[in-house]
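Colleague: Let's see this in three dimensions:
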Amino acid sequence: MDWNALKGLIGCHGTSGEEDEVAAFLMSMWKDCGWNVETFGRYGVVASRPKEPTRPTLLLAAHMDSPGFIVESTCGSTSYAINIGGIPCHELEPDETIPLMARTAQGHRPAVLTQILHEESHTRYVVQGEGLQRGDRLCYAPQFILSDGLIRAPFLDNRFGCFMLCELSREFAQTDGLVNLVLAATAGEEFTGFGAAVLAHHCQADMTLCMDATYVNGDQGVLMYGGPVMTCTDKSVTLGRRQWRFWETWAERQDIPLQKEIYNYSGTDAVGFPRAGQSCPVLPLLLPTCGNHSCSESAAIHDMLLFKKLLMALCNDAAAVVGFAELGFETNGIL
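Modeller: Predicted coordinates:
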């Protein structure tokens, strides 16, 4: 895999509403690989090729944004920010600071998070940095460490999904798989999820797979080095036993371990597709990570390789896409 592409994506600023750098990175990569590129306002970017009418269409979607902050007020070199997206509200240790990157009208500027104020109505973050103005966006300072079989970096949720879109655009640059493959990235997943609804309105598919990251959780049996994770149920999607078993059996045939998680909270923008009126099945596929939404997330390269192996196998298995799309209600011959 091209780790430089993942490093480049992690170096992009991409808070909700400021996904321009990530979108530009993806579109440049896709165009270099010969894909047709479209944009849907500021809600999504898509890469596709002319469709073969006898093949099913598989939509692979990631999101471009990650949690961050927006400057609420300033006083000299001190700024007060509020969060956009799910930032963990832990207490800083004495003398602990967190390096940030600000995206301003003058370009990127360094800044430092020095204090967290838990106020009655909301939490504010004290930031030190020169030249910040009200409305400027802040995210964790990028870092990329590859060692001991792990990658440590901020924004693995969900630059890894965007990275998979880059990888597949390269893999299928010269040859098509056995499906009509559409690669897409949405905006605002961490804030509203509106991007997925716009994407669903414009892109009809036989199956949609939403890529994201999830938490390593021993109680759930979701472990690092355990392979990709499929959501049975959460706040955004629920799969019946027959649907889950379909993919469990399919993954076994591909020799790919597949973990599962069961929540009734949290979720992805997968919910945007049925809300937009699409009847195609939507499947969340997730990468197990530690430190999700923090300044230093970590994931196993082993899991990343298995994740890509699963995507490649699916892109070359039209029968699996069609079979899952046809898993309607069991009507016992009524229809």
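Colleague: Pull stretch 113-132 out as CSV, backbone CA atoms only.
Modeller: Listed next in CSV are the C-alpha coordinates belonging to stretch 113-132 (Å, rounded to 0.1, in the frame of the first residue of the first chain):
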residue,chain,number,x,y,z
LEU,A,113,-4.4,23.8,23.3
THR,A,114,-3.5,24.8,26.8
GLN,A,115,-6.7,24.5,28.9
ILE,A,116,-10.2,23.0,28.8
LEU,A,117,-13.0,24.9,30.5
HIS,A,118,-16.0,22.9,31.4
GLU,A,119,-18.7,25.6,31.7
GLU,A,120,-22.4,25.2,32.6
SER,A,121,-23.7,25.4,29.0
HIS,A,122,-20.8,24.0,27.0
THR,A,123,-17.0,23.3,27.0
ARG,A,124,-14.5,25.8,25.8
TYR,A,125,-10.9,25.3,24.8
VAL,A,126,-8.2,27.8,25.5
VAL,A,127,-5.8,28.1,22.6
GLN,A,128,-2.5,30.0,22.3
GLY,A,129,-1.5,31.1,18.9
GLU,A,130,-0.7,34.3,16.9
GLY,A,131,-2.9,35.7,14.2
LEU,A,132,-6.1,33.6,14.9
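Colleague: beta partners for Thr57?
Modeller: Asn180 (DSSP bridges).
Colleague: Which secondary structure element of the chain has the lowest mean pLDDT?
Modeller: helix 272-275 (a mean of 87; mean pLDDT, DSSP states H and E).
Colleague: list the helices and strands that helix packs on?
Modeller: Counting contacts by 3 or more C-beta pairs under 8 Å, 6 or more residues apart in numbering; DSSP states H and E, helix 272-275 packs against helix 194-202. Just so you know, the C-beta spots here come from the backbone N, C-alpha and C atoms, and that holds for glycine as well.
Colleague: Can you show me the strands along the stretch 51-200 of the chain?
Modeller: 57-63, 68-75, 78-84, 98-104, 107-118, 123-128, 137-140, 145-147, 150-153, 180-186 (DSSP state E, counting those that start in this stretch).
Colleague: export the ones you listed to a markdown table and tack on mean pLDDT?
Modeller: Compiled in a markdown table, these are given as follows (pLDDT from 0 to 100):
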| stretch | mean pLDDT |
| --- | --- |
| strand 57-63 | 97 |
| strand 68-75 | 96 |
| strand 78-84 | 95 |
| strand 98-104 | 95 |
| strand 107-118 | 94 |
| strand 123-128 | 95 |
| strand 137-140 | 96 |
| strand 145-147 | 95 |
| strand 150-153 | 97 |
| strand 180-186 | 97 |
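Colleague: before we move on, back to that, of all the residues in the least confident helix or strand of the chain, which ones are buried?
Modeller: Within helix 272-275, the residues that count as buried by 16 or more other C-beta atoms under 10 Å are Gly272, Phe273, Pro274.
Colleague: got those residues as JSON lines, with distance to Gly85 columns?
Modeller: Shown next, in JSON lines, are the buried residues of helix 272-275 (distance: C-beta to C-beta, whole Å):
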{"residue": "Gly272", "distance to Gly85": "16"}
{"residue": "Phe273", "distance to Gly85": "21"}
{"residue": "Pro274", "distance to Gly85": "23"}
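Colleague: quick one on the thing from earlier: just how off-centre is the least confident helix or strand of the chain within its chain?
Modeller: Taking C-alpha atoms, centre = their mean, to the nearest Å, the mean C-alpha location of helix 272-275 is offset from the chain mean by 17 Å.
Colleague: Tell me if I'm right that Tyr80 and Gln128 touch.
Modeller: No - between Tyr80 and Gln128 there is no contact under C-beta atoms under 8 Å: 11.1 Å.
Colleague: Distance to Ala200 and mean neighbour count for the strands of the stretch 51-200 of the chain - can I get that in a markdown table?
Modeller: Shown next, in a markdown table, are the strands of the stretch 51-200 of the chain (distance: least, C-beta to C-beta, whole Å; neighbours: other C-beta atoms under 10 Å):
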| stretch | distance to Ala200 | mean neighbour count |
| --- | --- | --- |
| strand 57-63 | 9 | 26 |
| strand 68-75 | 25 | 18 |
| strand 78-84 | 23 | 20 |
| strand 98-104 | 28 | 20 |
| strand 107-118 | 33 | 15 |
| strand 123-128 | 33 | 19 |
| strand 137-140 | 27 | 24 |
| strand 145-147 | 35 | 10 |
| strand 150-153 | 30 | 20 |
| strand 180-186 | 10 | 26 |
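Colleague: so which of these gets nearest Pro50?
Modeller: Distance to Pro50, taken as C-beta to C-beta, is lowest for strand 180-186 among those, at 8.7 Å.
Colleague: starting at the chain centroid, how far to the closest one?
Modeller: 13 Å.
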